[in-house]
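Enquirer: Build me a model:
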Amino acid sequence: MPTSRPYDVVLLGATGFTGRLTAAHLAARTAGTDLRLAIAGRRRDALEDLAASLPGDVGVEVADTSDLVGLLDLAGSTRVLATTVGPYAQHGELVVQACVRQGTHYADITGEPGFVDLVRARYDADAVRQGVKLVSCCGFDSVPHDLGVRFTVAHLPDDAPLTVRGYVRGQGRASGGTLRSAVGAIASGKVPKLAAPRGSDQERREARSLPVRIHRVAMLDAWGVPLPTIDPAIVLRSARVLDGYGTSFRYGHYVRVGNLPMVAAGVAGVGTLAAMASLRPTRAVLERLLPASGEGPDEATRARSRFDVTFLGEGGGVRVTTRVAGGDPGYGETSRMLGEAALSLAQDDGPDVVGALTPAVALGAPYHDRLVAQGIRFEVLD
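Expert: Reported below is the predicted structural model:
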């Protein structure tokens with residue numbers, strides 16, 4: 001990659017809700033350093049106003065996710081391009097294409113299975129030839145789960161079959177953009193896939209999901225309800241190719257719920273949302289009720305928000321309980337996760353891999369250390 005590019009990191013979508021938080025994090029982390037940061041989006045006036053409010057010398061670049069020529073110019077100006085512009089199914093592919101063609105590392109915060117599958121199918125091979133990393137799901141989807149499982153299996157033997165169950169709980173509120181992405185993903189009918197890695201020579205072991213069922217977890221005094229997000233697919237992709245996940249690996253992904261009435265209410269709520277999103281007339285009604293894109297919880301709400309994921313791991317006669325925990329999952333921590341992913345791509349001597357990758361595979365131990373330094377806790381409980 002040319003070292004003469006004007007920027008080290010460019011953030012696309014900087015004036016959106018999550019984009020502003022990510023821009024603030026990146027600016028604070030790069031001010032007074034040699035790293036060159038720019039923010040990008042459609043409106044120069046909004047970008048200039050934002051840049052003026054940030055510490056350090058932050059560049060401004062105008063680009064539209066529908067303009068491939070402009071995106072090629074943008075990708076060619078930087079070593080790393082991070083994007084918060086969703087839904088990614090609508091606004092993501094040309095950004096990826098531009099990064100691959102220009103030999104620029106890429107990171108996003110998508111949780112859309114269809115988009116992740118598209119990136120792998122269409123751009124993985126070209127990314128390998130160009131020597132770049134395309135790293136999706138660098139936010140709450142799916143960093144705590146992907147790196148949390150990696151942390152958990154490090155405390156289990158590697159010469160036996162391993163099983164890990166992750167139980168997530170959180171307090172927070174979604175932004176308009178996130179809710180609209182979720183509705184779009186449901187409407188598309190795209191279910192998270194457990195696709196194989198690039199080639200069979202990449203696989204180190206079989207990795208598959210545990211059976212989907214609601215169950216009681218005595219040691220947590222809670223119920224585990226299967227959570228149909230992209231996170232298990234990301235975890236299993238990492239488990240197939242990384243060292244340390246045993247001779248075979250199984251993973252279950254659940255939301256942690258305190259009592260049966262809450263379980264029933266949650267299942268009913270998800271079912272209603274899925275039914276409304278899957279039909280065009282009711283989807284239109286649902287979209288009118290959602291907050292506008294760019295809107296999100298205020299600072300006080302984010303300050304009260306928390307998440308934790310408890311992992312129960314076992315294998316070879318050993319059991320371990322770990323936890324990953326942090327603050328506001330959807331925005332505060334997601335902005336830090338994406339910002340640190342971009343900085344890791346720009347600065348760290350990370351794993352020697354390229355292509356369309358998961359965070360654990362692409363960024364590895366240096367990224368884990370960055371997250372810990374930013375206050376996200378990885379703990380062994382038992």
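
Enquirer: Can you tell me the SS state at D64?
Expert: coil (DSSP: H, G, I helix; E, B strand; the rest coil).

Enquirer: and it, what pLDDT?
Expert: The model reports D64 with a pLDDT of 98.

Enquirer: do the same with N259
Expert: Looking at N259, its pLDDT stands at 75.

Enquirer: how about R256, secondary structure?
Expert: Reduced to three states with three-state DSSP, the structure at R256 is strand.

Enquirer: Repeat that for R323.
Expert: Per three-state DSSP, R323 ends up strand.

Enquirer: So for stretch 67-80, what gets flagged as buried?
Expert: By neighbour count on 16 or more other Cβ atoms under 10 Å, the buried set for stretch 67-80 is G70, L71, L72, L74, A75, G76, S77, T78, R79, V80. (Each C-beta comes from the backbone N, C-alpha and C, glycine too.)

Enquirer: then that stretch to PDB, C-alphas only?
Expert: Coordinates of each C-alpha in stretch 67-80 appear next as PDB, following Å, rounded to 0.1, in the frame of the first residue of the first chain:
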ATOM      1  CA  ASP A  67     -20.900   7.300  -6.600                       C
ATOM      2  CA  LEU A  68     -18.300   4.700  -7.400                       C
ATOM      3  CA  VAL A  69     -15.900   7.200  -9.000                       C
ATOM      4  CA  GLY A  70     -16.000   9.400  -5.900                       C
ATOM      5  CA  LEU A  71     -15.600   6.400  -3.700                       C
ATOM      6  CA  LEU A  72     -12.500   5.300  -5.700                       C
ATOM      7  CA  ASP A  73     -11.000   8.700  -5.100                       C
ATOM      8  CA  LEU A  74     -11.800   8.500  -1.400                       C
ATOM      9  CA  ALA A  75     -10.500   4.900  -1.000                       C
ATOM     10  CA  GLY A  76      -7.300   5.900  -2.900                       C
ATOM     11  CA  SER A  77      -6.700   8.800  -0.500                       C
ATOM     12  CA  THR A  78      -6.300   6.600   2.700                       C
ATOM     13  CA  ARG A  79      -4.800   3.400   4.000                       C
ATOM     14  CA  VAL A  80      -7.900   2.500   6.000                       C
END
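
Enquirer: Next, the contact list for L72, please.
Expert: The contact partners of L72, by Cβ atoms under 8 Å, 6 or more residues apart in numbering, come to A98, R101, Q102.

Enquirer: where's the host helix or strand of it relative to the chain centroid, distance-wise?
Expert: Using DSSP states H and E, L72 sits within helix 68-76. Averaging C-alpha positions (Cα atoms, centre = their mean, to the nearest Å) puts helix 68-76 23 Å from its chain's average.

Enquirer: Whichever helix or strand comes after that helix - contacts with which helices or strands?
Expert: As assigned by DSSP H and E, the chain's next helix or strand after helix 68-76 is strand 78-83. Judged by 3 or more Cβ pairs under 8 Å, 6 or more residues apart in numbering; DSSP states H and E, strand 78-83 is in contact with strand 7-12, helix 93-102, strand 105-108, helix 332-347.

Enquirer: Only the C-alpha atoms, please, for the longest one, written as CSV.
Expert: If I follow you right, that is helix 332-347. The C-alpha trace of helix 332-347 is given here as CSV (Å, rounded to 0.1, in the frame of the first residue of the first chain):
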residue,chain,number,x,y,z
GLY,A,332,-20.7,4.3,22.9
GLU,A,333,-18.9,0.9,22.8
THR,A,334,-19.7,0.3,19.1
SER,A,335,-18.0,3.6,18.2
ARG,A,336,-14.9,2.6,20.2
MET,A,337,-14.9,-0.9,18.7
LEU,A,338,-15.0,0.5,15.1
GLY,A,339,-12.5,3.3,15.9
GLU,A,340,-10.0,0.9,17.4
ALA,A,341,-10.4,-1.6,14.6
ALA,A,342,-9.6,1.2,12.1
LEU,A,343,-6.6,2.2,14.2
SER,A,344,-5.4,-1.4,14.5
LEU,A,345,-5.5,-1.8,10.7
ALA,A,346,-3.5,1.4,10.4
GLN,A,347,-1.0,0.9,13.1
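
Enquirer: between it and strand 7-12, what angle do the directions make?
Expert: With axes from the mean of the first three to the mean of the last three Cα atoms, to 10 degrees as the basis, helix 332-347 and strand 7-12 are set at 150 degrees to each other.

Enquirer: give the contact list for H25.
Expert: S335, R336, G339.

Enquirer: Give me the secondary structure label for it.
Expert: Once three-state DSSP is applied, H25 turns out helix.

Enquirer: Check the gap between it and F17 for me.
Expert: From H25 over to F17 the distance is 14 Å, taken as Cβ to Cβ, to the nearest Å.

Enquirer: Quick one: list the elements packing against the helix or strand hosting R129.
Expert: Following DSSP H and E, the helix or strand that holds R129 is helix 113-130. Secondary-structure packing of helix 113-130 (3+ Cβ pairs under 8 Å, 6+ apart): helix 88-91, helix 93-102, strand 133-135, helix 176-188, strand 355-357.

Enquirer: looking at the ones you listed, which has the lowest confidence?
Expert: helix 176-188 - the lowest mean pLDDT of the helices and strands packed on helix 113-130, at a mean of 56.

Enquirer: what's the following helix or strand after it?
Expert: Per DSSP H and E, the first helix or strand lying C-terminal to helix 176-188 is strand 206-209.

Enquirer: Where does the prediction get shaky in this structure?
Expert: For the chain, residues meeting the criterion pLDDT under 70 lie at 1-3, 172-201, 260-279, 283, 285-295.
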